[in-house]
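Visitor: Quick one: sequence plus predicted model below, questions after.
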Amino acid sequence: IELEVELRQALMRDQLFLDYQPQIRAGDGQMIGVEALVRWRHPSRGTVSPGVFIPIAEETGMIYELGTWVLREACRQMKTWHDAGGPLITVSVNLSSQQFHQPNLTTYIKGILEDTGLEPQYLELEITESMMMDAAVSTGILNELTEYGIRISLDDFGTGYSSLSYLKLLPIHKLKIDRSFIRDIVVNKNDKAIVATIISMAQHLNMDVIAEGIETKEQLDILTDNDCEKIQGYYYSRPLPAVEVEQEFFAPM
Ligand code: G
Ligand code: G
Ligand code: MN
Ligand code: NA
């Protein structure tokens, strides 16, 4: 309850901010995108993790307001980078299930893109398999978003309980291999087999694929040996404040 009241105030008092985790193309080390990750600079508790406050926001209905702030800020930052001559990369934003199912989602996101001036093809929405369970519902939503030009990535791929049949039905651009398959990939043959299979499936379905949670060179080598070139993980970078992304990953502008 306490955190709930404080979270409401956090939105008004500018206590939320975004970190950005670079997504890297292994072949040349170029940054090809960033994932926006929200944080709460709490006046006395320090930085609070979204793992703690996103569930509270979801339970209390604050997720709509919080999600709007995240989308707007992520699009604003990317547009600022593009305008400043930074690389033309995408920004990925995590959507909660409630946001995904909010009425007029496309119109609402369109409004944010128009207000900030970011072109739709530079926004990628991260959704999870569980949001695809009702294919009749998700087909309509995803068709609208993708017809407008927004990209869709399936986060935590491989950990959900849904069937694979939605993959052939729905407009999904990218599979994001969950980091639980990466953690032990160097020693665990089963994890390695699953990851190789996801990569191969993505290729056959004409989808993009990215691996998450790469922390070591040994893990990276297994991914690139299996033709997965897009990498997100501490090996390249932790999530960083915007200024540090500029300092460490932009060519001098
Ligand atoms: O950054 P960190 O590892 O603490 O993230 C913890 C969890 O919070 C992750 O599952 C991540 O997807 C989620 N998360 C981070 N930012 C957002 C956000 O803006 N919206 C939603 N819905 N989830 C987020
Ligand atoms: O659920 P989601 O995939 O959105 O969670 C993203 C979170 O995963 C990021 O906030 C980040 O903190 C975490 N993460 C990213 N790369 C790594 C990594 O290499 N190792 C670990 N342990 N966590 C990571
Ligand atoms: Mn994510
Ligand atoms: Na993930």
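Guide: Structure received. Ligands and ions are numbered 1, 2, ... in the order given.
Visitor: Ligand 4 contacts on the chain?
Guide: Contact residues (C-beta under 5 Å from the ion) of the chain with ligand 4: 155, 156, 212. For the C-beta atoms, the positions are set from N, CA and C on the backbone; glycine is no exception.
Visitor: please redo it, this time with the cut-off set to 8 Å
Guide: Residues of the chain lying near ligand 4 by C-beta under 8 Å from the ion: 126, 155, 156, 157, 176, 178, 179, 212, 213.
Visitor: now for the lowest-mean-pLDDT helix or strand in the chain, which elements pack on it?
Guide: Least confident element among the helices and strands of the chain, by mean pLDDT, DSSP states H and E: helix 166-169 (a mean of 90). Helix 166-169 makes packing contacts with helix 135-148 when contacts are defined by 3 or more C-beta pairs under 8 Å, 6 or more residues apart in numbering; DSSP states H and E.
Visitor: ok so, going back, so which residues make contact with the least confident helix or strand of the chain?
Guide: Contact with helix 166-169 is made by 129, 132, 135, 138, 139, 201, 205, 207, as judged by C-beta atoms under 8 Å, 6 or more residues apart in numbering.
Visitor: related to what we said a few turns ago, so which of the residues of the chain next to ligand 4 sit within helices?
Guide: Residues of those located in helices (DSSP state H): none.
Visitor: Run a quick neighbour tally on residue 101.
Guide: Neighbours of residue 101 under the rule other C-beta atoms under 10 Å: 14.
Visitor: Contacts only, for the closest residue to residue 61 other than its chain neighbours.
Guide: Closest residue in space to residue 61, ignoring its immediate chain neighbours: residue 98 at 8.0 Å, by C-beta to C-beta, 6 or more residues apart in numbering. Listed by C-beta under 8 Å, 6+ apart, the contact set of residue 98 reads 58, 61, 63, 64.
Visitor: Reformat these into CSV and put secondary structure next to each item.
Guide: CSV is the format used below for those (DSSP: H, G, I helix; E, B strand; the rest coil):
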residue, secondary structure
58, helix
61, coil
63, helix
64, helix
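Visitor: wait, which of the residues you listed is closest to residue 36?
Guide: Distance to residue 36 across the contacts of residue 98 (C-beta to C-beta) is lowest for residue 63, with 15.3 Å.
Visitor: can I assume the closest one is in contact with residue 99?
Guide: Yes - when contacts are counted by C-beta atoms under 8 Å, residue 63 is listed as touching residue 99 (6.3 Å).
Visitor: ok, now how distant is the nearest residue to residue 35 once chain neighbours are set aside from residue 127?
Guide: Leaving aside its chain neighbours, residue 35 sits nearest to residue 92 (4.4 Å; criterion: C-beta to C-beta, 6+ apart). Applying C-beta to C-beta, to the nearest Å, the value for residue 92 to residue 127 is 11 Å.
Visitor: And for residue 181?
Guide: Residue 181 is 19 Å from residue 127, where distance means C-beta to C-beta.
Visitor: same check, this time on residue 66
Guide: 17 Å.
Visitor: between the two, who's got more neighbours?
Guide: residue 66 (26 against 23).
Visitor: quick one: pLDDT of the closest residue to that one other than its chain neighbours?
Guide: Nearest non-adjacent residue to residue 66, counting by C-beta to C-beta, 6+ apart: residue 57, 4.8 Å away. The model reports residue 57 with a pLDDT of 97.
Visitor: And for the one 4 residues further on?
Guide: The pLDDT attached to residue 61 in the predicted structure is 95.
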